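Participant: Please find the sequence and the predicted model below.
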Amino acid sequence: GLQLSDPEKTLQDVLKQQSLDMNLTNSEKKIFNYLIHSLDSNGYLEEEVEEAARRLSVSIKEAEAVLAKLQSLEPAGIGARSLQECILLQLQRLPNRNEQAEMLVSAHFDAFAQKNWKALSRETGIPLHTIQDISDDIAALHPRPGLLFARPEQDVYIEPDIFITVKNGHIAAELNTRSFPEIDLHPQYRTLLSSGSCQDTASYLSAKYQEWRWLSRALRQRKQTITRIVNELITRQKDFFLKGRSAMKPLTLRDVADCLSLHESTVSRAIKGKTIQTPYGLFEMKLFFSAKAEASGDGDASNYAVKT
């Protein structure tokens with residue numbers, strides 16, 4: 001059986017151990033090892049199969065065949081290239097397979113995931129209550145199978161990207177300089193640039209100077225964007241920073257983007273993976289953007305506040 005509790009074993013170890021029963025050829029082993037090291041911590045395949053095949057100088061067909069073998073291992077859903085494939089792999093492994101569930105996930109995944117069930121029912125002829133049952137069954141599957149093998153989290157120290165402090169009702173924000181570094185040009189190069197160096201050196205230095213300017217402008221812009229977003233967050237979620245979790249207001253990326261005249265994707269990219277230290281603990285920034293809770297009466301509680 002699988003030992004999920006052994007903290008020393010990585011997902012890769014567990015997959016390698018299972019692959020011993022598959023009698024892989026040397027070429028297959030090479031592909032297999034490459035693929036398992038291309039899995040992210042959720043157990044998804046990050047690299048395109050075509051790209052893997054090209055790097056290993058094997059045919060796409062061979063790489064696909066080894067991927068299929070990898071996908072047959074435990075935990076079910078491992079090696080998927082998308083959430084859709086991950087769920088499908090798990091459905092196909094159930095002792096009592098449900099053809100309707102597999103069909104909905106493989107042919108109507110977007111409508112299913114967005115819960116457009118009335119339209120789905122009309123289109124497929126599957127009754128609404130059956131679709132609801134299928135949805136409940138799927139909710140019991142693992143959307144991130146790799147996490148079943150995650151190392152215990154206690155030794156992971158997350159350094160916040162943004163610090164928010166509250167003093168006498170005043171909310172202040174500070175960016176972590178490690179997350180948003182300044183880059184400087186070496187003084188020696190500055191002197192070389194101004195002194196008429198020989199042609200080759202001058203053009204090399206000038207190219208590097210342009211790169212430095214471009215990079216530092218990009219970093220400065222990124223810093224400006226995140227600062228504007230954080231200040232807007234403080235304004236919109238003032239109650240949260242003063243009173244705590246239950247005062248979280250509904251807020252969407254679009255609200256903030258419109259207000260700052262930015263594109264929604266710019267806001268989304270800026271906050272991606274960023275953490276924020278608040279008086280109530282460390283949060284992922286994306287947590288501050290949560291929809292209105294449906295039918296909550298006053299309509300002003302966010303999903304997050306209701307869950308809290």
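Facilitator: Structure's in. What do you need? Predicted, not measured: the structure shown is a model, and the values here were computed from it. Numbers count the residues shown, from 1 in each chain.
Participant: can you give me the strands for the stretch 201-308 of the chain?
Facilitator: For the stretch 201-308 of the chain, the strands defined by DSSP state E, counting those that start in this stretch occupy 275-278, 281-284.
Participant: any idea which of these is most buried?
Facilitator: strand 275-278 (a mean of 19; mean count of other CB atoms under 10 Å). Glycine gets a C-beta too; all of them are placed from N, C-alpha and C.
Participant: Confidence-wise, which helix or strand of the protein is lowest on average?
Facilitator: Ranked by mean pLDDT, DSSP states H and E, the weakest helix or strand in the chain is helix 303-307, scoring a mean of 66.
Participant: And the strands of the stretch 201-308 of the chain: which comes nearest residue 252?
Facilitator: Among the strands of the stretch 201-308 of the chain, strand 281-284 comes nearest to residue 252, with 16.0 Å by CB to CB.
Participant: Any stretches of the stretch 201-308 of the chain with poor pLDDT?
Facilitator: Residue ranges of the stretch 201-308 of the chain with pLDDT under 70: 291-308.
Participant: again, 80 this time
Facilitator: For the stretch 201-308 of the chain, applying pLDDT under 80 flags the ranges 201-202, 245, 290-308.
Participant: can you give me the helices in it?
Facilitator: Here the stretch 201-308 of the chain has its helices, by DSSP state H, counting those that start in this stretch, at 238-243, 253-259, 264-271, 303-307.
Participant: helices and strands around the second one, which ones?
Facilitator: Which is helix 253-259. If you count contacts as 3 or more CB pairs under 8 Å, 6 or more residues apart in numbering; DSSP states H and E, helix 253-259 packs onto helix 199-236, helix 264-271.
Participant: Now do the buried residues in the last one.
Facilitator: I take that to be helix 264-271. Buried residues in helix 264-271, counted by 16 or more other CB atoms under 10 Å: 267, 270, 271.
Participant: chain center to it: distance?
Facilitator: 13 Å (CA atoms, centre = their mean, to the nearest Å).
Participant: Output the contacting helices and strands for that helix.
Facilitator: So helix 264-271, by 3+ CB pairs under 8 Å, 6+ apart, packs with helix 199-236, helix 253-259.
Participant: Can you tell me which of the ones you listed is most buried?
Facilitator: helix 253-259 (a mean of 16).
Participant: contacts for it?
Facilitator: 229, 232, 233, 236, 262, 263, 264, 266, 267, 268, 289 (CB atoms under 8 Å, 6 or more residues apart in numbering).
Participant: hang on, the earlier thing: closest one to residue 214 among the helices of the stretch 201-308 of the chain?
Facilitator: helix 264-271 (17.9 Å).
Participant: got the angle between that closest one and helix 199-236?
Facilitator: Between helix 264-271 and helix 199-236, the angle comes out at 100 degrees (axes from the mean of the first three to the mean of the last three CA atoms, to 10 degrees).
Participant: which residues touch helix 264-271?
Facilitator: 222, 225, 226, 229, 253, 254, 256, 257, 260, 285, 286, 289.
Participant: Tell me how far the fifth one lies from residue 270.
Facilitator: Shown here: residue 253 relative to residue 270, a distance of 10 Å by CB to CB, to the nearest Å.
Participant: Adding distance to residue 108, write the helices and strands packed on helix 253-259 out as a markdown table.
Facilitator: Output for the helices and strands packed on helix 253-259, formatted as a markdown table (distance: least, CB to CB, whole Å):
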| stretch | distance to residue 108 |
| --- | --- |
| helix 199-236 | 36 |
| helix 264-271 | 26 |
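Participant: Which among the ones you listed is found nearest to residue 59?
Facilitator: Per CB to CB, nearest to residue 59 of these: helix 264-271, 35.9 Å.
Participant: Check the contacts of helix 264-271 and tell me the two furthest apart.
Facilitator: 222 and 254 (20.6 Å).
Participant: residue contacts, the nearest residue to residue 262 once chain neighbours are set aside?
Facilitator: Among residues not flanking residue 262 along the chain, residue 225 sits closest, at 7.0 Å (CB to CB, 6 or more residues apart in numbering). Shown in contact with residue 225 (CB under 8 Å, 6+ apart): 262, 266, 270.
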